[in-house]
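Chemist: okay, predicted coordinates and the sequence, questions at the end:
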Amino acid sequence: MAATFEVRADWAKRTIRTQMSGIFTVDEMRAWAAAYRHETDRFKGRQHMVIADMRGMRTANAEVAEILGGEIGHARRHGVVLCAHVSDDTVQRLQAARIARQNAGHDDVTVDVVSLDEAERVVEQALSRIDDATPIASLRSPSAESA
């Protein structure tokens with residue numbers, strides 16, 4: 001099953017959308033990583049979110065997972081404050097969660113969702129708080145108004 005991917009930015013919603021499916025080789029993951037880093041770096045460290053649609057993606061070997069993890073870490077250090085993750089494979093979802101935890105520093109901002117519609121709702125709700133100066137660990141934390 002050949003790997004396919006797409007990476008694009010939605011500037012109005014301050015969101016990078018990536019779709020990944022299939023079994024990634026090292027070269028394919030490097031190509032995804034280059035595209036993802038390009039979009040991440042275009043935000044110039046400004047807070048933004050990610051919708052990661054990994055439906056159809058299969059578990060990755062260690063070298064491929066390391067490349068994925070490196071880009072997750074780079075993105076977290078350069079402005080990602082929330083990642084809505086969609087997956088239809090339990091093992092892949094667990095692997096992605098582990099990779100994110102290992103590369104996210106002190107707080108993994110990943111939210112697992114069951115559909116793209118739910119991912120859109122999560123991003124839409126968080127967008128209103130993305131520039132809130134209230135000290136929070138991530139956009140997953142409750143807003144100060146609801147506390």
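Modeler: That came through fine. Keep in mind the model is a prediction, meaning the values are calculated, not measured.
Chemist: residues in contact with the lowest-mean-pLDDT helix or strand in the chain?
Modeler: Of all helical and strand segments in the chain, the minimum by mean pLDDT, DSSP states H and E falls on helix 90-103, at a mean of 91. With contacts defined as C-beta atoms under 8 Å, 6 or more residues apart in numbering, helix 90-103 is touched by 52, 54, 57-60, 65, 68-70, 72-73, 76, 83, 85, 87, 108, 110, 112. Where C-beta positions appear, they are placed from N, C-alpha and C, glycine not excepted.
Chemist: one more time with 10 Å
Modeler: 20, 52, 54-60, 65-77, 83, 85-87, 89, 107-110, 112 (C-beta atoms under 10 Å, 6 or more residues apart in numbering).
Chemist: CA atoms only: put it into CSV for me.
Modeler: What follows is helix 90-103, C-alpha atoms only, in CSV (Å, rounded to 0.1, in the frame of the first residue of the first chain):
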residue,chain,number,x,y,z
THR,A,90,-5.8,1.4,16.8
VAL,A,91,-2.2,0.4,16.7
GLN,A,92,-1.2,3.4,14.5
ARG,A,93,-3.1,5.7,16.8
LEU,A,94,-1.3,4.3,19.8
GLN,A,95,2.1,4.6,18.0
ALA,A,96,1.3,8.2,17.0
ALA,A,97,0.3,9.1,20.6
ARG,A,98,3.6,7.6,21.9
ILE,A,99,5.7,9.4,19.3
ALA,A,100,4.0,12.7,20.1
ARG,A,101,4.5,12.2,23.9
GLN,A,102,8.2,11.4,23.3
ASN,A,103,8.7,14.6,21.2
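Chemist: beta partners for the residue nearest to T15 when sequence neighbours are not counted?
Modeler: Nearest non-adjacent residue to T15, counting by C-beta to C-beta, 6 or more residues apart in numbering: M49, 4.7 Å away. Beta-bridge partners recorded for M49 (DSSP bridges): T15, L82.
Chemist: ok, M49 - contacts?
Modeler: M49 neighbours (C-beta under 10 Å, 6+ apart): 10, 13-17, 79-84, 109, 111, 119, 122-124, 126-127, 130, 139.
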